[in-house]
Each structure stands twice: as C-alpha cells, then as structure tokens.
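Trainee: just a sequence and a predicted model for now, questions to come.
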Amino acid sequence: MARTDNDSWEITESVGATALGVAASRAAETESDNPLIRDPFARVFLDAAGDGVWNWYSAPQLPAELLETEPNLVQQMKAMVGYMASRTAFFDAFFIDAATAGISQAVILASGLDSRSWRLPWPDGTTVYELDQARVLEFKASTLAEHGAEPACNRVAVPVDLRQDWPTALREAGFDASEPSVWSAEGLMPYLPAAAQELLFERVQGLTVAGSRIGVEALGPKFLDPELRTRRQARMDRVRAAFAKSGLQREVPSTDELWYFEEREDVGAWFGRHGWDVTVTPSLELMAGYGRRPAEEVENDVPGNLFVAAQRSA
C-alpha cells in the first residue's frame, strides 16, 4: 500500500503492519533464552491482531520453499531481532536515565505498539505523552486494558498525525513547554519526507528548553544506497513467490512503498547546530555493545541507522 497525503491505516495494514512486525521481534527476544529486553505485552498485541506475516519470528518452522529460496533467512531474522532488541534497550535506557535525572515529561513520537508506558519503571510523577494515529492508540490501550494491564505512569494519549498540528494537540493535552522534557523518534524517520523531518525537529526545538533530551533513530548513508535497495526489493519478491508456492496466504508488505527515499540533513548535525550536545552511535556498534552483533554474512541486511542522543544546552 503506497503512501498518500493524510493516509491512515488499520493495525494490520500499511504502517500498522510494520508496528506488528516490530512487536513480533520484541516478543521473540523476550521469549529467548537470554533476553536483552523484556516486553510481556508484545505477544498480547500479536495475539489480538491474529495471524499474519508479522508472526514469522515465532513460527516453529518456516516453509521449506522459503528456506530453499532464502537460505540465510534464519540468520537474517536473528539479526533483525537483535537489532530491534538493541534499539529497544537504547530507548528504554534513554527514557529512564532522563526520568531518574528529574525530567518528568516524556514524549513518544509515533508511539506505535511501544508499551513503555506500561512496562518501564517510571519514577512517581512522570507523565508520558504518546502521539500516534487514533486507531493505533485505541488498539493498544483497549488490548492492554482487556488483559488488566495498567500504565506505570501518568499516560496521556494524543491522537494526532505527525503531519498535522501536533504541537497544539500536545500542549492542549497538558504538555508544559517551559519545563525540561525527554523525547523519542524511534522507527519514524523513513516514513517522513525530508521536509517533514525538518519540520518535526523545528517543532521539537520550539517545545524544548535547556536540559531537555531527545533520542532519534536516524537514517544512515546506506539508506539511499540504490544497490542495497535493489537487493532488498528482489529478496521480498522472492519471499512472496515462495509463500505463493507453499500455499500459505501471506501478504508481505513492501517497506519501500512506505518509505521516502530523499536526501535529508544528517540528524546529529541538525541538533548540533541548534544548540544540543550530541552523541551518535552506528547500529552495528550499538548491537555489539549489547552483545547482539549479527553474523558477518548478514551484516548488510541490518539497517545502517544511527542512534542519536542529544541534550539541549542552549
């Protein structure tokens, strides 16, 4: 499903399906022998959504046709689970470090099926604002409520599309721009055109004061590499053909149709020139630090993203 202006989606389609895929990787990591992160709610979301390609990570056995077509698929899946676990650990620690330091306002941009409001040990008095489309927020809250889960903070849902006037919606929900805050933009950048990314950061700049922090999963140089893009698309085409041959009904989403392949300013450089102290960690370095470095033969299949941690000093 290609993107259009002001498009929306159900949880099992388009961008929503990618959120389920991320939840599936968190569930797989949580259920592994030595989990880096623990997300007991990821499996709850998958069960509520039903069967779909997002359940790859927990399938007891993949179709033989698929493994014949993609002999490295198991290694690729393991690498992606490791990547998502490392990404989750990075943002978990980023939020809790900020909250422990006394920042009592957290903002999760495009929160998706992230369950940090429920599963992290937030200090008393912390308010977490979750911004996303109404359908996503409703699915998440109602699913967890049905399982008796209660947020571990003062959670405030802000149903708004980030392409709209979300700063006004955030302020109206109670956010105080005169006090320090901590923000995350996780799994978001490829879904934004370059101009929308610039506007997003300008708006964050207008809503933050000295001492505020932001963590961003930024796009790295390989995102625009045409050779890697061609390889990825060809692999997805082979996967679709293998599923069709196996007789399994699986709609394999094409992420390239959901992403915006446009030149854009380096995220670390942007925050650096706007008065923030910045640290940038490449994805493979982050994974190695968490003991999740992928096998050499599938390193190129891991997103070459950059993990930006910034604190506003001016």
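Mentor: Nice, thanks for sending it over. Residues are numbered from 1 along each chain as shown.

Trainee: packing partners for whichever strand or helix holds residue 20?
Mentor: Assessed by DSSP states H and E, residue 20 sits inside helix 14-30. Applying 3 or more C-beta pairs under 8 Å, 6 or more residues apart in numbering; DSSP states H and E, one finds that helix 14-30 contacts helix 42-49, helix 73-100, helix 134-146. Where C-beta positions appear, they are placed from N, C-alpha and C, glycine not excepted.

Trainee: how distant is the last one from the center of its chain?
Mentor: Put plainly, it is helix 134-146. 17 Å (C-alpha atoms, centre = their mean, to the nearest Å).

Trainee: repeat that for the first one.
Mentor: Averaging C-alpha coordinates over helix 42-49 and over its chain gives two centres that are 17 Å apart (C-alpha atoms, centre = their mean).

Trainee: relative to helix 73-100, how tilted is it?
Mentor: 120 degrees (axes from the mean of the first three to the mean of the last three C-alpha atoms, to 10 degrees).

Trainee: same question for helix 42-49, mean pLDDT?
Mentor: For helix 42-49, the per-residue pLDDT values average out at 90.

Trainee: which helices and strands does it pack with?
Mentor: Going by 3+ C-beta pairs under 8 Å, 6+ apart, helix 42-49 lies up against helix 14-30, helix 134-146.

Trainee: export those as JSON lines, with columns for distance to residue 197, mean neighbour count and mean pLDDT.
Mentor: Conversion of the helices and strands packed on helix 42-49 to JSON lines gives the following (distance: least, C-beta to C-beta, whole Å; neighbours: other C-beta atoms under 10 Å; pLDDT from 0 to 100):
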{"stretch": "helix 14-30", "distance to residue 197": "16", "mean neighbour count": "23", "mean pLDDT": "81"}
{"stretch": "helix 134-146", "distance to residue 197": "20", "mean neighbour count": "17", "mean pLDDT": "93"}
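
Trainee: got CSV for these, with distance to residue 287 too?
Mentor: Formatted as CSV, these follow (distance: least, C-beta to C-beta, whole Å):
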stretch, distance to residue 287
helix 14-30, 12
helix 134-146, 27
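
Trainee: how near is the closest residue to residue 39 other than its chain neighbours to residue 199?
Mentor: Among residues not flanking residue 39 along the chain, residue 26 sits closest, at 4.3 Å (C-beta to C-beta, 6 or more residues apart in numbering). Using C-beta to C-beta, to the nearest Å, residue 26 is found at 29 Å from residue 199.

Trainee: cool, and residue 104?
Mentor: Distance from residue 104 to residue 199, by C-beta to C-beta: 27 Å.

Trainee: and what of residue 99?
Mentor: Separation of residue 99 from residue 199 (C-beta to C-beta) stands at 27 Å.

Trainee: picking up where we left off before, among the helices and strands packed on helix 14-30, which is nearest residue 289?
Mentor: helix 73-100 (7.8 Å; C-beta to C-beta).

Trainee: what does the helix or strand just after the closest one contact?
Mentor: Following helix 73-100 in sequence order, the next helix or strand is strand 105-109 (DSSP H and E). With contacts defined as C-beta atoms under 8 Å, 6 or more residues apart in numbering, strand 105-109 is touched by 95, 98-99, 114, 116-117, 126-131, 153, 162, 170, 175-176, 179-186, 188, 200.
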